[in-house]
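Trainee: Kindly generate the corresponding structure for this input.
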Amino acid sequence: MTGGPEPIGAEARRALERELADLRSEREAVASSLHSDGGTGDTADQADELQRATELARLDDRISRIGERLRTAAVAGPPPPGVVGVGSTVTVRFADGTAQTLRIGEVAAPSDQRLVTADSPLGRALLGHRAGDTVDYSTPDGPLSAVVLALKAPDDTAAGADERPGA
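Mentor: Down below sits the predicted model:
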């Protein structure tokens with residue numbers, strides 16, 4: 001990781017903006033349901049009100065974190081050429097000899113098995129590195145390492161755009 005604000009790819013920015021819009025709509029619905037009974041009611045009504053207030057706090061927190069992430073990404077600009085950043089497609093070789101091509105993203109997508117979030121141990125380890133670098137990261141089973149074999153920059157759709165050591 002670079003230590004400063006992390007750049008963000010266009011696809012990740014769009015996903016965060018969509019999530020932010022959805023969260024704001026959900027927050028509006030939850031907020032409008034608070035205090036709708038004028039403060040009267042039984043214990044079950046009070047428990048439901050408390051649950052909605054807790055949900056509102058959770059939504060506010062996530063809205064704040066996404067808003068801050070989008071603001072800092074705007075300051076950071078795109079990742080430097082040849083450096084792993086959010087939105088990069090990275091081919092890595094693991095210690096067991098297997099290689100896998102992964103995308104570094106902001107938002108986990110259950111249907112995308114190739115996506116590694118930037119805040120995961122492997123994602124954090126890869127950010128800021130170049131092809132040829134070895135990265136170390138921790139897992140519940142212990143420390144692991146991987147070698148960055150190649151990377152494609154965010155929004156780079158040109159064939160042969162991989163950055164390879166010595167190329």
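
Trainee: can you give me the offset of the longest helix that the chain contains from its chain's centre?
Mentor: In the chain, ranked by residue count with DSSP state H as the criterion, the top helix is helix 43-76. The chain centre lies 17 Å from the centre of helix 43-76; the measure is CA atoms, centre = their mean, to the nearest Å.

Trainee: What are the contacting residues of the helix or strand following it?
Mentor: The helix or strand immediately downstream of helix 43-76 is strand 89-94, counting by DSSP states H and E. Taking CB atoms under 8 Å, 6 or more residues apart in numbering as the criterion, the residues outside strand 89-94 that touch it are 84, 99-104, 126, 135, 144-152, 162. From N, CA and C alone the C-beta is placed, and that goes for glycine too.

Trainee: In terms of secondary structure, what does the helix or strand that strand 89-94 is followed by contact?
Mentor: Elements were assigned by DSSP H and E; along the chain past strand 89-94, the next helix or strand is strand 99-105. Helices and strands touching strand 99-105, by 3 or more CB pairs under 8 Å, 6 or more residues apart in numbering; DSSP states H and E, are helix 10-33, strand 89-94, strand 115-117, helix 121-126.

Trainee: what does the last one rub up against?
Mentor: When contacts are taken as CB under 8 Å, 6+ apart, the neighbours of helix 121-126 outside the stretch itself are 1, 84, 88, 90, 92, 102, 104, 116-118, 135-139, 146, 148.

Trainee: State the paired neighbours of the helix or strand following it in the sheet, together with their directions.
Mentor: Using DSSP H and E, the helix or strand that follows helix 121-126 towards the C-terminus is strand 134-139. Neighbouring strands of strand 134-139 in its sheet, by DSSP bridges, are strand 142-152 (antiparallel).

Trainee: Please identify the buried residues of the strand it pairs with?
Mentor: By neighbour count with 16 or more other CB atoms under 10 Å, strand 142-152 contains the buried residues 144, 146, 147, 148, 149, 150, 151, 152.
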